[in-house]
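Engineer: Quick one, what's the 3D model for this:
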Amino acid sequence: MPVHLTPDELALMFGVEAHVVLNAAREVDVPVYDGRIDSVLFSQAIIAADHHLSDRAREVLQAEGGR
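Structural biologist: The predicted structure follows:
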């Protein structure tokens, strides 16, 4: 599975809209390069910040192979 995903792709994984992903990335200081976000870094940062998406982030990481 690719690690660098668009906000739309991450939004599908997290069950939210793309603007929620972009706002969350800004909140936890995860960079967006060329319109893509590192899904592992994003999930880990969301969990570390105890963001409201943290439960879903744990599920995403487990689905990606327990990174």
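
Engineer: Show me which positions of the helix or strand containing residue 57 end up buried.
Structural biologist: Per DSSP states H and E: residue 57 is located in helix 54-63. Judged by neighbour count using 16 or more other CB atoms under 10 Å, the buried positions of helix 54-63 are 56, 57, 60, 61. No exception for glycine: its C-beta is placed from N, CA and C like everyone else's.

Engineer: I'd like the distance between the first one and residue 33.
Structural biologist: To tie it back to what came earlier, the one meant is residue 56. Per CB to CB, to the nearest Å, residue 56 is found 23 Å from residue 33.

Engineer: repeat for residue 25
Structural biologist: 11 Å.

Engineer: Run the chain-centre distance for the lowest-mean-pLDDT helix or strand in the chain.
Structural biologist: The helix or strand of the chain with the poorest confidence is helix 54-63; it has a mean of 88 (mean pLDDT, DSSP states H and E). Put simply, helix 54-63 sits 9 Å off its chain's centre (CA atoms, centre = their mean, to the nearest Å).

Engineer: what sits up against it?
Structural biologist: Helix 54-63 has contacts (CB atoms under 8 Å, 6 or more residues apart in numbering) with 13, 14, 15, 39, 40, 42, 43, 44, 46, 47, 51, 67.
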